[in-house]
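> Need a 3D model of the sequence below.
(2 chains)
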Amino acid sequence: MRTLLISLMILGMQVKSFGSTVTINIDADLLKTASGQAMPATGLVILVANTNNTSFSQPTSQAFVSGGDVIVARWDLSAFGTAGVLLDTASFGLSGALTTGDPLQLYWFPTLTLSSTAPGPETAYGQYRDAVGIDGSAPWVVPGAGATVDLSFRTADADAGFDSPGSNPASAGIASNDILPTGSGVPIAVGETPLLGIARGEEGIALSWPDPLGQWQLQASGTLDGGWAGVPTVPTLAGGVRTVTVSGADAVKFFRLQAAPVAALDAQPQPATGTGTATTVTLPTNETVSPSSP
Amino acid sequence: MNTSRTKLCGVAALGTLLLGLMFSASSPAQVASDPAGFCQLTLLGSSDTILSLPFARPKAAWGGVKSASGSTVQALGAPNWTVNQFVYAAGTQPNTYYLRFDSGAKAGFYYPITANASSTLTVNLGRDSLAAVAQNDIFSVVPYWTLATIFPGGSGVFASPTPGDRYTEILAPSYAGSGINLSASSTYYLEGGFWKEVGQGLANMNDQTFPPYSYIIVRHNVATSSVLTTMGAVVVPTAALPLTALTTGQQDNFVALPRPFPISLDDSGLISSGAFAATLTPGSRTDELLTFDNTATGQNKSASATYYYWNGGWRCVGSGQTIVGANQVFLPGAGVVIRKGANNNSSVWMNSTSY
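Numbering: from 1, shown residues only, chains lettered A, B, ... in the order given. Down below sits the predicted model:
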């Protein structure tokens, strides 16, 4: 009798566990480096869920995710074994803040590997999600408990030996973002100015700076001689790094950070996302999953 | 004689100047970071553009000097760098870095980093020395520009359909060559998704670096023009540009000021730093400055103007005795040639800014 009860308990736990687990079949083709080459098979790809209904935070040199973002899967491309092509599977449990319907986003880091613990400065990465899902993909959200879904990201130059060309432009597969440097030889101390990073973003020019306490205000001018005016866009905050994206339509534009007056600090809007260290949940790797059949 | 310095970039000069005049300058007491920015440069079709980069790539690290010995700099504090994180590694670490001193006796000088430990940087000094470097001098670790970072994702250039039909070529001047009117030492083109070098087969040249403060030539072999958006950190410190001279003849130096605004001859520092030798007689010029017009179409363009320094003032060949020191001949995005005269000494051009 006791044995039967234990067996039923185990079975119940298994059913419960199975019921709260979801499976993602991922097909990403063609993932490329910053210079447009097919990403090496050793490169790192992560699938991130946003659990607090805000925009995704961006990777920083210290952390892949921050705020309400959590990593739900990590892969390299070894399962399929072809540069630029990710064909793999991952299963993860729904627990804590992670729930059905949370947005999912794919990030690829061509120069990192599965053993990388943080992106590091100036690391190139790409990102993709589609709320609806095209080219046969399910919507890029966490599926219902127990479900298995296919997420597909195919570009126009997808590997012709495996996939048909996708609807996304070839440029969508390029790791066109850079991790902005936030570190220095000497930690930023009171009175020191942070480094203002600048890089191409998906929707313009991205300015970023380490400023967890909101002590600095971004200013812009058409010249270096003066005319500095505050940039009204509210920065996003992730991992202690603030980011503002501006239009790149001007022929020339300069930016700087100025120490924000105390009154301005009090009036600054609160960040949309949290600060601090990365929050990471279940990290399935391709060591424990098997690829789908091509 | 000297005009006010309008730190502008490209064709937006008038509009941005007016904008600048509408606002008062920031209070000197206010603390501000080093600026960053972007600038759009037009690269004419069927033409050569003598391209300089107005910005540096953002720093990867910076700090103060604790000590300098031999070719190694010890940083203050505990930066905890990963061993050789600043050393190029094909396929995994695409950047090559240089150390640049931002203050002290060697301000503006830069040296390629050959190795690093958790708090030390080892550099290639060439024939130089770190003897003048002092404790607390500020340094930066800066990645070199590469083909892949100057033209990210192929922006600003045209990919070639085949190696034999090159739509855009990047010509690297012979930086180390001797003499004048030197042919390009290397030619690169974008084909098949990555950069290749003529004569080097399928070798991937994405990570090919170019010396700071030197120009490259963008040659469009197609009629269509392109726009290159360059962005990065404004180089605030003094820039030290080495100029080579020969004892046996003239020597061309392919140089570019890393400044996103025009600079006049008088403000350039060429004379005040002793880098540019004055001419004794206009008919036998010692050092010459050759400038190029990137708004003119054509390939293998000759210099659009030649300048020299005589009798206390800058002169332009063909303009008689007119003093032209106020002319803003150093334009953002445009390189120049400094032709050092024979039997002259090699020198270092120290170019400083006031912002």
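> what's the domain layout of chain A?
Domain assignment for chain A by automatic domain parsing gives A:22-178, A:197-267.
> Including mean neighbour count, mean pLDDT and distance to B:Leu130, could those go into a markdown table?
Bear in mind the C-beta positions are built from the backbone N, C-alpha and C, glycine included. Shown next, in a markdown table, are the domains of chain A (neighbours: other CB atoms under 10 Å in any protein chain shown; pLDDT from 0 to 100; distance: least, CB to CB, whole Å):
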| stretch | mean neighbour count | mean pLDDT | distance to B:Leu130 |
| --- | --- | --- | --- |
| domain A:22-178 | 20 | 87 | 25 |
| domain A:197-267 | 19 | 84 | 29 |
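> okay, those in CSV with distance to chain B next?
As requested, the domains of chain A are exported to CSV (distance: least, CB to the nearest CB, whole Å):
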stretch, distance to chain B
domain A:22-178, 4
domain A:197-267, 3
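> for those domains, which one sits closest to B:Thr306?
When the domains of chain A are compared by CB to CB, domain A:197-267 sits nearest B:Thr306, at 28.4 Å.
> What about the closest residue to B:Thr187 other than its chain neighbours, how many residues nearby?
Distances taken as CB to CB, 6 or more residues apart in numbering or on different chains place B:Val198 nearest to B:Thr187, at 4.2 Å, with adjacent residues excluded. When neighbours are counted by other CB atoms under 10 Å in any protein chain shown, B:Val198 registers 14.
> Now do A:Leu180, the pLDDT please.
pLDDT, A:Leu180: 55.
> A:Thr3 now?
Predicted confidence (pLDDT) for A:Thr3: 42.
> and A:Gln217, bridged to which residues?
Beta bridges link A:Gln217 to A:Gln258, judged by DSSP bridges.
> and it, what is it in contact with?
Residues in contact with A:Gln217 (CB atoms under 8 Å, 6 or more residues apart in numbering or on different chains) are A:Gly230, A:Leu257, A:Gln258, A:Ala259, A:Ala260, A:Ala264.
> pretty sure the fourth one is touching A:Gln219, no?
No - with contact taken as CB atoms under 8 Å, A:Ala259 and A:Gln219 are classed as non-touching, separated by 10.9 Å.
> which residues are common contacts for those two?
Joint contacts of A:Ala259 and A:Gln219 (CB under 8 Å, 6+ apart) are B:Ala32.
> The residue in the stretch 201-350 of chain B that chain A sits nearest to: helix or strand, and which one exactly?
For the stretch 201-350 of chain B and chain A, the shortest gap (CB to the nearest CB) falls at B:Asn206, measuring 4.2 Å. When elements are assigned from DSSP states H and E, B:Asn206 belongs to no helix and no strand.
> a helix runs through B:Leu99, doesn't it?
No - when classified by DSSP: H, G, I helix; E, B strand; the rest coil, B:Leu99 is found to be strand rather than part of a helix.
> quick one: contacts for A:Leu151?
A:Ile24, A:Asn25, A:Ile26, A:Asp27, A:Leu104, A:Leu106, A:Gly133, A:Ser137, A:Ala138, A:Trp140.
> Look at it and give its secondary structure.
strand.
> A:Trp108 contacts A:Leu44, doesn't it?
Yes - the pair A:Trp108 and A:Leu44 qualifies as a contact (CB under 8 Å) at a distance of 7.1 Å.
> For the helix or strand containing A:Ile46, name the packing helices and strands.
Assigned by DSSP H and E, A:Ile46 belongs to strand A:44-50. Applying 3 or more CB pairs under 8 Å, 6 or more residues apart in numbering or on different chains; DSSP states H and E, one finds that strand A:44-50 contacts strand A:21-29, strand A:69-75, strand A:104-109.
> what comes into contact with that strand?
Taking CB under 8 Å, 6+ apart as the rule, strand A:44-50 contacts A:24, A:26, A:28, A:31, A:56, A:64-65, A:68-77, A:86, A:90, A:98, A:102-109, A:112-114, A:116, A:142.
> 6 Å - rerun?
Contact partners of strand A:44-50, identified using CB atoms under 6 Å, 6 or more residues apart in numbering or on different chains, comprise A:56, A:65, A:68-75, A:86, A:98, A:102-109, A:112-113, A:116, A:142.
> which residues does A:Pro165 contact?
Per CB under 6 Å, 6+ apart, neighbours of A:Pro165: A:Ala156, A:Ala158.
> Please compute how far the strand holding A:Ile46 lies from its chain's middle.
Strand A:44-50 has its C-alpha centroid displaced from the chain centroid by 6 Å (CA atoms, centre = their mean, to the nearest Å).
> again, but for stretch A:209-220
That offset, for stretch A:209-220, works out to 22 Å (CA atoms, centre = their mean).
> got it, and stretch B:105-123?
On CA atoms, centre = their mean, the centre of stretch B:105-123 falls 19 Å from the chain's centre.
> With only the CA atoms kept, save it in PDB.
Listed next in PDB are the C-alpha coordinates belonging to stretch B:105-123 (Å, rounded to 0.1, in the frame of the first residue of the first chain):
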ATOM      1  CA  ALA B 105      54.300  64.200 -21.400                       C
ATOM      2  CA  LYS B 106      53.200  61.600 -23.900                       C
ATOM      3  CA  ALA B 107      49.600  62.900 -24.400                       C
ATOM      4  CA  GLY B 108      48.400  62.000 -27.800                       C
ATOM      5  CA  PHE B 109      50.900  59.200 -28.500                       C
ATOM      6  CA  TYR B 110      49.600  55.700 -29.100                       C
ATOM      7  CA  TYR B 111      51.100  52.300 -29.100                       C
ATOM      8  CA  PRO B 112      49.700  48.900 -30.200                       C
ATOM      9  CA  ILE B 113      49.000  46.600 -27.300                       C
ATOM     10  CA  THR B 114      50.700  43.300 -27.600                       C
ATOM     11  CA  ALA B 115      49.700  41.700 -24.300                       C
ATOM     12  CA  ASN B 116      47.900  42.400 -21.100                       C
ATOM     13  CA  ALA B 117      47.500  40.900 -17.700                       C
ATOM     14  CA  SER B 118      44.900  41.800 -15.000                       C
ATOM     15  CA  SER B 119      46.300  45.300 -14.500                       C
ATOM     16  CA  THR B 120      49.200  45.700 -17.000                       C
ATOM     17  CA  LEU B 121      49.400  46.600 -20.600                       C
ATOM     18  CA  THR B 122      52.400  45.700 -22.800                       C
ATOM     19  CA  VAL B 123      52.800  47.700 -25.900                       C
END
